[in-house]
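Asker: Kindly return the folded structure for what I paste below:
(4 chains)
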Protein chains: 2
Amino acid sequence: MSEARRGRPREFDRDAAVAAATALFWERGYQATSIGDLTAAMGIRPGSLYAAFGDKMSLFHEVVEAYQRSPAGAFAGIALAEEPTARGAIARILREAAAVYADPGHPAGCLVISAATNIAAQDVEIEKFLRERRDQNLRALADRLGEARRAGELPSTADPRALAAYFAAVIQGMSQRARDGATTAELAGTAELALAAWPS
Amino acid sequence: MSEARRGRPREFDRDAAVAAATALFWERGYQATSIGDLTAAMGIRPGSLYAAFGDKMSLFHEVVEAYQRSPAGAFAGIALAEEPTARGAIARILREAAAVYADPGHPAGCLVISAATNIAAQDVEIEKFLRERRDQNLRALADRLGEARRAGELPSTADPRALAAYFAAVIQGMSQRARDGATTAELAGTAELALAAWPS
DNA sequence: ACCATTCTAGAGCGATCGTTCAAGAAGGTG
DNA sequence: CACCTTCTTGAACGATCGCTCTAGAATGGT
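Answerer: The predicted model follows:
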């Protein structure tokens, strides 16, 4: 079923180009990353970028999707799926966030949290796009905590949505602190303190 | 000693113009706010803006200073100065942040936290400028918690810097959540949960 | 009255923005 | 081989960026 694609073959590695674009968008955000920055980092000319990715917004969409499939972008969902208890899942998310957000191997913090916070009027769709992903993560947390309460892991007095909002705020704050230079050690301390809010 | 200033008098209200600029920078951030946006909102022409404020960066500095003297920007420092206990100060900061960050009377969240998160290479000084203010706030928190431990309000096993980093992360996360549309009620719930981390 | 000073209005500066285009190069298909 | 398709290159598009300039208007000082 492999369709032999016709025409002149691409001369650059598409995945490597997306990775280079990811690093830039992650570091500086959507709007502060120009096409010139991107073509320089990807080692291609504007024509190639537009032929391969459409436009800047489509490239960004592709970057976010690749990011969310990568370890740095997927660890929270994996923890929610793998850990048997809600408390275990959230503890793991917080501890892994401490390691991932301050990992010097890539830009600090979370791309979904920080790549579109300062956006001009013309690019509101980009802001909405990332906000929807964050809302989705918040809902996933709240759903998991709701299950936990129904299963008796949480006392009936606990408020799953309030807990989810709290942990989401902590995670977003950890991302911000990482971008301000916080070390993994500091973030790990924050993670442990945050867990003290778990209802007993 | 009042120097009667010579020359044609300014035709616009300087404070009102700064307030209009503050609203824009607060809502969209430094880079996403253009001179054209500013002059339109302030009701003046570029020449007047540059005569009165110097350049975009100087105007932003002035906006940040005015913001930090305003209730929305000063409440944390006031709470630290007025409350007799560190715990009382931090509780008040968190609760007031819930009200201030989601106040519909002005843009959501904190300007110092969110106005320069996506910045291009040419404007790194702006990013550093706000980061220094955040570092200053973090130090003030850590200092207050250090005093509290020396005074016996905190157990000797408590780590003031780790606690300060934790509460700073929560506050920054609450700002982000507010910008994503969180209500005062949600943020107030987050504030109470965050306080559960206080060492007993 | 006259000058020095400071403001406003409006045009316009060079640079950069995201994007497109024309020409040619590199492959598969007949 | 010619031909279609797709990619690369380099120039260049109109729009917008931050900012400046010129001309004139409005004040105080002398």
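Asker: where does chain A have low pLDDT?
Answerer: Chain A contains residues with pLDDT under 70 at A:1-4.
Asker: quick one: the longest helix anywhere in chain A near chain B?
Answerer: Ranked by residue count, the top helix of chain A under DSSP state H comes out as helix A:124-150. Yes. Judged by C-beta under 8 Å from any C-beta of the partner chain, helix A:124-150 and chain B are in contact via A:Arg131, A:Arg134, A:Asp135. No exception for glycine: its C-beta is placed from N, CA and C like everyone else's.
Asker: The nearest residue to the first one once chain neighbours are set aside and B:Asp103: what is the separation?
Answerer: Same thing as A:Arg131. Once flanking residues are discounted, A:Arg131 sits nearest to B:Asp180: 5.6 Å by C-beta to C-beta, 6 or more residues apart in numbering or on different chains. Remark: distance between B:Asp180 and B:Asp103 (C-beta to C-beta, to the nearest Å) = 15 Å.
Asker: The two - which one has more neighbours?
Answerer: B:Asp180 (20 against 14; other C-beta atoms under 10 Å in any protein chain shown).
Asker: buried set for stretch A:132-142?
Answerer: Across stretch A:132-142, burial judged by 16 or more other C-beta atoms under 10 Å in any protein chain shown covers A:Arg133, A:Arg134, A:Asn137, A:Leu138, A:Ala140, A:Leu141, A:Ala142.
Asker: on that earlier part again, check the residues of helix A:124-150 next to chain B against DNA strand C and report the nearest one.
Answerer: Among these, A:Arg131 lies closest to DNA strand C (C-beta to the nearest atom of the strand), at 20.5 Å.
Asker: Quick check: that closest one vs A:Arg6, distance?
Answerer: According to C-beta to C-beta, A:Arg131 and A:Arg6 sit 40 Å apart.
Asker: okay, those two: which has more neighbours?
Answerer: Legend: neighbour count by other C-beta under 10 Å for A:Arg131 and A:Arg6, higher for A:Arg131 (17 against 6).
Asker: tell me the domain boundaries of chain A?
Answerer: For chain A, automatic domain parsing gives the domain ranges A:14-67, A:72-195.
Asker: quick one: the longest one near DNA strand C?
Answerer: Just to be clear, that refers to domain A:72-195. No. Applying C-beta under 7 Å from any atom of the strand, one finds domain A:72-195 separated from DNA strand C by no less than 9.0 Å.
Asker: what's the straight distance from one end of that domain to the other?
Answerer: Start-to-end span of domain A:72-195 (C-alpha to C-alpha, to the nearest Å) is 21 Å.
Asker: Check the shortest one too.
Answerer: One end of domain A:14-67 to the other measures 15 Å (C-alpha to C-alpha).
Asker: Report the distance from that domain to the chain centre.
Answerer: On the basis of C-alpha atoms, centre = their mean, to the nearest Å, domain A:14-67 sits 16 Å off its chain's mean C-alpha point.
Asker: Does that domain reach DNA strand D?
Answerer: Yes. Judged by C-beta under 7 Å from any atom of the strand, domain A:14-67 comes into contact with DNA strand D at A:Ile44, A:Arg45, A:Pro46, A:Gly47, A:Ser48, A:Ala51, A:Ala52.
Asker: Taking these, please make a ChimeraX selection of just the buried ones.
Answerer: For the buried members of the residues of domain A:14-67 next to DNA strand D, the matching ChimeraX selection, counting by 16+ other C-beta under 10 Å, is:
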select /A:44,48,52
